[in-house]
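S.K.: sequence plus the predicted model coming up.
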Amino acid sequence: MRPIESLQTLERMCHISALSGHEEDMITFMKGEMARYLPECRVDRLGNVIGCKPGADPEGPRVMLFAHADELGFMVRKIEPDGFIRITRVGGIPEKSLPAQRLILRGSRGDVWGVIGPKSHHLTPAEEKFKVVEIKDLFVDVGAHSKAEAEAMGLFPGTPVTYHGFFREMPGGQVAGKALDNRVGCFVLLQVLRLLAEKEIPATVYYVATVQEEFNIRGAQTAAFAINPDLAIGIDGAVSCDTPDLKPESDIHFGGGPVIGHYTFHGRGTLNGLIPNPKLRQYITDVAARLTMPVQHSVFLGGLVDTSYVAVVREGIPSVDMAFPMRYSHSPIEVASLPDIEQLIVLLATAVEGIAAGLDLSRG
């Protein structure tokens, strides 16, 4: 079977709005996709979609393979008397990229299209032309002429807001889209499930689409507590540093293969990160070597993902981050490399298929 049969699933996901805490459409989508292959699929109280494929060995390990289904975005905080909308951030939004961006406001009466209004260039003073406007000073134009008109559209403080959906294949085997972080991760999860669905493998595998990763990493913790896996593998994006502005930062690049995380540390606010279980990390590295597949190794300061918290659930869960290289992280349009995504699917499917009772992940 090919690692990717079609990009239609990924394209559909890039047009879904699923702000952290408001992931209903992605929950429905992921549950429907998982149910095509799994005898058991449920949604927990927080919104995590959890599918289970029982292993052939009753004594085999329990594996949690997961990717977050939510996306960063905004929330309406105030409606001005003249109908313009003030918003605040949900997640690590880069304010420098916001003016003139198209948004979807998920009102109680349906989706509302809006645009973040930039100050007219002709009337922008010279001293303002090269400054980043803070989000507190930005506003969204939804076509309302008054607060009452905006409210009649179903808008209110607390309305979830996301970037406008987008997806496009690019030359050179690349794809561009809204929220590739982490729609690609969910896509990889589904493709691994498809490849392994008809195979009898030793391990019992839990395929999990988590919620609220972009909001301080909530869903993965409750899912891991409920599943209590013997090991966990998280799927997310890794910052690709092959663009002119980032080349000094690291060697992660398009075409270099899947990324294995060695170290992440947020370093600001949430002081958390992950140093993976060394034996689990080495196991995946060895699988890649047997496949003669190139892999990249990431040491990243300035971010963290679900796995950082999963690793410390209960008595501790041996965990590792796996990623696809991605450009322009957290911006309205992100870009990823299809060959790297395909290799990540193959690597994860092969690694999960080979996990058995004899896999030693002990320390000391």
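M.R.: Received it, and whenever you're ready, just let me know what you need.

S.K.: and the helices in the stretch 1-150 of the chain, which stretches?
M.R.: In the stretch 1-150 of the chain, the helices defined using DSSP state H, counting those that start in this stretch lie at 8-14, 24-35, 147-152.

S.K.: can you count the residues close to A100?
M.R.: 9 (other C-beta atoms under 10 Å). In this view, the C-beta of every residue, glycine as well, is placed from N, C-alpha and C.

S.K.: burial count for the residue nearest to it when sequence neighbours are not counted?
M.R.: Sequence neighbours aside, P118 is the residue nearest to A100 in space, at 4.8 Å (criterion: C-beta to C-beta, 6 or more residues apart in numbering). A count of neighbours around P118, defined by other C-beta under 10 Å, yields 13.

S.K.: and P118, how far from E128?
M.R.: Note on P118: its distance to E128, by C-beta to C-beta, to the nearest Å, is 11 Å.

S.K.: again, but for R106
M.R.: Relative to E128, and taking C-beta to C-beta, R106 is found at 32 Å.

S.K.: okay, these two: which has more neighbours?
M.R.: For R106 and E128, the more surrounded residue by other C-beta under 10 Å is R106, and the numbers stand at 21 against 10.

S.K.: report the secondary structure state of the residue most central in space within the chain.
M.R.: With distances taken as C-alpha atoms, centre = their mean, N182 lies nearest the centre of the chain, 2.1 Å away. Under DSSP: H, G, I helix; E, B strand; the rest coil, N182 falls in the helix class.

S.K.: strands along the stretch 51-200 of the chain, start to end?
M.R.: 62-68, 73-79, 85-90, 102-107, 110-116, 140-141, 160-163, 167-170, 174-177 (DSSP state E, counting those that start in this stretch).

S.K.: any chance of TSV for the ones you listed, columns distance to I341?
M.R.: Formatted as TSV, these follow (distance: least, C-beta to C-beta, whole Å):
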stretch	distance to I341
strand 62-68	12
strand 73-79	23
strand 85-90	26
strand 102-107	25
strand 110-116	29
strand 140-141	33
strand 160-163	21
strand 167-170	12
strand 174-177	8
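
S.K.: would you tell me which of those strands gets closest to R218?
M.R.: Of all these, it is strand 62-68 that lies closest to R218, at 9.9 Å by C-beta to C-beta.

S.K.: now the closest one and helix 24-35, what's the angle there?
M.R.: Put simply, strand 62-68 runs at 140 degrees to helix 24-35, going by axes from the mean of the first three to the mean of the last three C-alpha atoms, to 10 degrees.

S.K.: roughly how far out does strand 62-68 sit from the chain middle?
M.R.: 13 Å (C-alpha atoms, centre = their mean, to the nearest Å).

S.K.: about what we covered before: in the sheet, which residues pair with the nearest residue to the residue nearest to the centre of the chain once chain neighbours are set aside? Tell me.
M.R.: Of all residues not flanking N182 in the chain, H68 sits nearest, at 4.9 Å (C-beta to C-beta, 6+ apart). Applying DSSP bridges to H68 gives these bridge partners: T210.

S.K.: which residues sit in contact with H68?
M.R.: 182, 185-186, 209-214, 219-220, 236, 305-306 (C-beta atoms under 8 Å, 6 or more residues apart in numbering).

S.K.: please apply the same query to F167.
M.R.: So F167 contacts 10-11, 14-15, 175-178 (C-beta under 8 Å, 6+ apart).

S.K.: and it, how far is that from G261?
M.R.: From F167 to G261 the distance is 26 Å (C-beta to C-beta).

S.K.: next one: Q221
M.R.: Taking C-beta to C-beta as the criterion, Q221 is separated from G261 by 18 Å.

S.K.: okay, the two: which has more neighbours?
M.R.: G261 (25 against 18).

S.K.: would you verify that that one is located in a strand?
M.R.: Yes - assignment of G261 by three-state DSSP places it within a strand.

S.K.: any idea how far the closest residue in space to it that isn't next to it in sequence lies from L180?
M.R.: Leaving out its chain neighbours, the residue that sits closest to G261 by C-beta to C-beta, 6+ apart is D321, at 3.1 Å. Counting by C-beta to C-beta, the gap between D321 and L180 amounts to 17 Å.

S.K.: this protein - how does it break down into domains?
M.R.: Domain segmentation of the chain under automatic domain parsing yields 8-71+178-354, 73-163.

S.K.: most tightly surrounded among those?
M.R.: Burial of the domains of the chain is given as mean neighbour count (mean count of other C-beta atoms under 10 Å); domain 8-71+178-354 ranks first at a mean of 20.

S.K.: report the rounded mean pLDDT for that domain.
M.R.: For domain 8-71+178-354, the mean per-residue pLDDT is 96.

S.K.: give me the distance between the two termini of that domain.
M.R.: 29 Å (C-alpha to C-alpha, to the nearest Å).

S.K.: show me what contacts N272?
M.R.: 265-266, 304, 308-309.

S.K.: format these as JSON lines; extra columns: secondary structure and distance to I345.
M.R.: Shown next, in JSON lines, are the contacts of N272 (DSSP: H, G, I helix; E, B strand; the rest coil; distance: C-beta to C-beta, whole Å):
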{"residue": "F265", "secondary structure": "strand", "distance to I345": "28"}
{"residue": "H266", "secondary structure": "coil", "distance to I345": "28"}
{"residue": "L304", "secondary structure": "coil", "distance to I345": "24"}
{"residue": "S308", "secondary structure": "helix", "distance to I345": "23"}
{"residue": "Y309", "secondary structure": "helix", "distance to I345": "25"}
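
S.K.: alright, that wraps it up for me.
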